[in-house]
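Asker: only geometry, no sequence info:
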Ligand code: AMP
């Protein structure tokens, strides 16, 4: 395909306001691309190399401006280009204002003179620029780029300039290309078994608008601009590999595993649906990372019956590819981070002797192996120089939590518990494997969480034990436990004696808020009766010693006993965490706390200072 034709079609797409019509244009273009299909697909996304490939053009604005200026003629220099850029705001539009050496006027693409640029040639020369390194490379790179502009028309120059900087700005996102591949090469008339599957998964054009409330900076994206290669596709039945016939889903799946739009387009055209289904994991080629949503233990256990509970490490995501000889490490955005992390490479190569793909986190640790804050990892993660010196300063270790491939077996479709078993077999006798436990009871989850926090970790992850590894998806199968909402200060108005060994201790505590309008009545600090409304019971998060001291404090306030249950005169205020406030007929407030957790006694508060039902209502509304 002539590059002029590509540019003309790109201009048409740029002018097209409608999303559906854009897909049609792209679909037509892919259909006409012939042998250039993979290149055209990449160019449309402003890429010369596939997303997984760490090679970059490394052409900065200065070099580009210089090349444009040189091609534009004797009277133009890089300063002029920059002045125009300040005025026009976008380099493609600037490039299109010049008459270059090879300016051939409109309509040139219908003929194909000897000097016409082709898509293949532009691709080849840009790759040559990427490969030009070493002494004098800057000049040679400039010469090659100048050579391209020198042969470009205004419209070609516009898209060439944008391509060089990696941004086509024609409104073609990953979702558009995916839909267009399906429309162009697969039979899209099959019945859609999931309703509007496209609507389900067409979220990638709003990368990071996925409700992710990350508090942490992402090492791949410290400015929070949003990861370029992350599709952030939400979970949906239709992309879960559930055998749906939706061709868009087939394309999506192949893309998530391979991160190579050009290859996927070619496979779709040549081998259709079957070919796409065969696109699998390859050791050395990163898979899009599976992502997590915020969620609670309640949701996890409600949804799955039981949940895998695992430490959430406060580090940077890393995907380990070891082919039996060499190791490559990739970041969450699939950038190659092998060189900055030599000790992870050494560890993998000493511990494992079969090909593997592992998913995990690189954490910084102190001399005792205890975790250090995430910022420490950042100092190592993208380091190009002085790696050995930094290695002395910040010690990093791998914490692997998933295994996508082991010794010839692709495990993406295996259940999590099986994948984790394989991981544990591979890394036996090391600290590098996350410990998991399977919990069906929120108390067990709380206990693991407490232990994780005590050990200095960030928190916990909850995972569906039976879930497959879904590349690129921020689904409901992995939940990062929400940090607690604001705590409540509640009055203890009842309790229950424990059982067995704890029969002499009060173990479960009934919690109450001040009733509405109780303000006037409670100023003696001991108001009772209907001044309080119940809200739930707490038994979690209390150590044996605390139980003893609480029993001692509350026993003098016991009003009546009925079997194991006692009512207690309001005297002690607990600070209580919880996951959610639900409406409930069980308690007199009309609300119940989900998973209340004892934080401590508010020694500084009397019952009159406890939270009111008003505040509970407000917090419930805000959820
Ligand atoms: P967030 O960055 O807050 O969206 O949390 C998800 C991230 O937590 C993942 O992308 C991982 O980098 C990280 N993480 C830490 N520990 C785990 C774990 N055990 N399982 C999965 N992800 C983890």
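Answerer: Received, thanks. None of these values were measured; they are calculated from a predicted model.
Asker: can you list the weak-confidence ranges in the stretch 401-550 of the chain?
Answerer: Confidence mapping of the stretch 401-550 of the chain against pLDDT under 70 gives the ranges 482-485, 517-530.
Asker: for the helix or strand containing residue 398, packing partners?
Answerer: Assigned by DSSP states H and E, residue 398 belongs to strand 395-406. Packing contacts for strand 395-406, counted by 3 or more CB pairs under 8 Å, 6 or more residues apart in numbering; DSSP states H and E, involve strand 316-322, helix 342-351, strand 356-365, helix 416-426. From N, CA and C alone the C-beta is placed, and that goes for glycine too.
Asker: quickly note the distance from the residue of the chain at minimum distance from the ligand to residue 51.
Answerer: Here the chain gets closest to the ligand at one residue, residue 317, 3.5 Å apart by CB to the nearest ligand atom. From residue 317 across to residue 51, the span is 16 Å (CB to CB, to the nearest Å).
Asker: over to residue 456?
Answerer: From residue 456 to residue 51 the distance is 35 Å (CB to CB).
Asker: taking the centroid of this structure, which residue is nearest it?
Answerer: Nearest to the mean C-alpha position of the chain, by CA atoms, centre = their mean, lies residue 291 at 4.4 Å.
Asker: leaving out sequence neighbours, find the closest residue to that one.
Answerer: residue 474 (3.9 Å; CB to CB, 6 or more residues apart in numbering).
Asker: where does the one you found fall, phi/psi-wise?
Answerer: Dihedral pair for residue 474: phi -100, psi 80, per degrees, to the nearest 10.
Asker: then residue 291?
Answerer: The phi/psi pair for residue 291 (degrees, to the nearest 10) is phi -120, psi 170.
Asker: quick check, it in contact with residue 471.
Answerer: No. At 9.6 Å, residue 291 does not count as touching residue 471 under the criterion of CB atoms under 8 Å.
Asker: list the residues that contact the nearest residue to residue 275 once chain neighbours are set aside.
Answerer: Of all residues not flanking residue 275 in the chain, residue 267 sits nearest, at 4.4 Å (CB to CB, 6+ apart). Residue 267 sits next to 254, 275, 276, 279 when contact means CB atoms under 8 Å, 6 or more residues apart in numbering.
Asker: how is the chain divided into domains?
Answerer: Split into domains by automatic domain parsing, the chain comes to 46-164, 294-481, 486-622.
Asker: TSV for the ones you listed, including distance to residue 262 and mean neighbour count?
Answerer: Listed next are those as TSV, based on distance: least, CB to CB, whole Å; neighbours: other CB atoms under 10 Å:
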stretch	distance to residue 262	mean neighbour count
domain 46-164	6	17
domain 294-481	15	19
domain 486-622	45	17
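Asker: the ones you listed: which one's closest to residue 258?
Answerer: Across those, residue 258 has its closest neighbour in domain 46-164 (7.3 Å, CB to CB).
Asker: let me know the average pLDDT across that closest one.
Answerer: The average pLDDT within domain 46-164 is 88.
Asker: same question, stretch 302-313
Answerer: According to the model, stretch 302-313 has a mean pLDDT of 95.
Asker: do that stretch and the ligand meet?
Answerer: Yes. Using CB under 6 Å from any ligand atom, stretch 302-313 reaches the ligand at 310, 311, 312, 313.
Asker: how about the residues of the chain by the ligand?
Answerer: The chain has residues 212, 214, 216, 291-292, 310-313, 317, 332, 361, 401, 434, 461, 480 near the ligand, with proximity defined as CB under 6 Å from any ligand atom.
Asker: how about these, which pair is most distant?
Answerer: Most distant of the residues of the chain next to the ligand, by CB to CB, are 212 and 434, 21.6 Å apart.
Asker: and the nearest residue to the residue of the chain closest to the ligand once chain neighbours are set aside, what pLDDT?
Answerer: In this structure, residue 317 finds its nearest non-sequential neighbour in residue 332, 4.0 Å apart by CB to CB, 6+ apart. At residue 332, the model reports a pLDDT of 89.
Asker: what ranges do the helices span in the stretch 201-350 of the chain?
Answerer: Counting by DSSP state H, counting those that start in this stretch, the stretch 201-350 of the chain has helices at residues 247-258, 261-278, 297-304, 342-351.
Asker: and the second one with helix 247-258, angle?
Answerer: Which is helix 261-278. 110 degrees (axes from the mean of the first three to the mean of the last three CA atoms, to 10 degrees).
Asker: mind listing which of the residues of the chain next to the ligand are in strands?
Answerer: Counted as lying in strands by DSSP state E, out of the residues of the chain next to the ligand, are 291, 292, 310, 311, 312, 317, 361, 401, 461, 480.
Asker: hang on, the earlier thing: distance to residue 416 added to the residues of stretch 302-313 next to the ligand, as TSV?
Answerer: Listed next are the residues of stretch 302-313 next to the ligand as TSV, based on distance: CB to CB, whole Å:
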residue	distance to residue 416
310	10
311	15
312	15
313	17
